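*Asks:* sequence unknown, structure follows:
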């Protein structure tokens, strides 16, 4: 069973130089830059606080390399995360050289610095456009057409007819009451006449 291992590096520091972007013969982007980290401590004998600086060689590839070359510059603070890698090569003068570098796969910018003389980039036109509430369109007066006129006249007639029916309904009980009263009077007279006939002479 293979033993577990871990090669993980996390650094927060300031760039010591501008990133250098190059491309391999196959067209793969590779970017290198230096990162400085500081460490301070107080000696156990109670002396003055001391500080030391470590310099790290950072390497990144492909899309991350292009982003680092565009966004980073000397003095900017950044967080990088990756793995340690040691390699050796022969220089042009025939000397054997070796280096330990950190191949990163993650980078986060931790400040808002700008390059010297660089102004804030203008926001896209779409997002600069102020928000405005447009006024509601005015409602145009409706032009009465012949059909509308006919409908209006018909509705008016219907309304008048309905009112007239209501009045007739109201008047109907009164008229019926008058007829009943007249019938009663006639019946009373007839009763009196009958009674008068019954009296012997």
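*Replies:* Noted; the coordinates are in hand. These numbers were taken from a predicted model, which means no experiment stands behind them.

*Asks:* Domain ranges for the protein, per the record?
*Replies:* For the chain, the structural domains run 9-114, 144-201, going by automatic domain parsing.

*Asks:* lowest-confidence stretch among those?
*Replies:* Lowest mean pLDDT within the domains of the chain: domain 144-201, a mean of 56.

*Asks:* re the thing from before, adding mean neighbour count and distance to residue 3, write the domains of the chain out as JSON lines.
*Replies:* Placement of C-beta: from N, CA and C, glycine included. Below are the domains of the chain laid out as JSON lines (neighbours: other C-beta atoms under 10 Å; distance: least, C-beta to C-beta, whole Å):
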{"stretch": "domain 9-114", "mean neighbour count": "13", "distance to residue 3": "18"}
{"stretch": "domain 144-201", "mean neighbour count": "9", "distance to residue 3": "92"}
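
*Asks:* now residue 27, what's its secondary structure?
*Replies:* Following DSSP: H, G, I helix; E, B strand; the rest coil, residue 27 is assigned to coil.

*Asks:* Quick check: the gap between residue 9 and residue 154.
*Replies:* 89 Å (C-beta to C-beta, to the nearest Å).

*Asks:* cool, and residue 4?
*Replies:* Distance check for residue 4 against residue 154: by C-beta to C-beta, it reads 93 Å.

*Asks:* what do you get for residue 6?
*Replies:* 91 Å.

*Asks:* Residues touching stretch 24-31, excluding its own?
*Replies:* 19-23, 59-66, 68-69 (C-beta atoms under 8 Å, 6 or more residues apart in numbering).

*Asks:* Which members of the residues you listed are the farthest-apart pair?
*Replies:* Spatially, the most separated pair among the contacts of stretch 24-31 is 20 and 63, at 16.7 Å (C-beta to C-beta).

*Asks:* secondary structure element for the closest residue to residue 80 other than its chain neighbours?
*Replies:* Closest residue in space to residue 80, ignoring its immediate chain neighbours: residue 104 at 4.5 Å, by C-beta to C-beta, 6 or more residues apart in numbering. According to DSSP states H and E, residue 104 maps onto strand 96-109.
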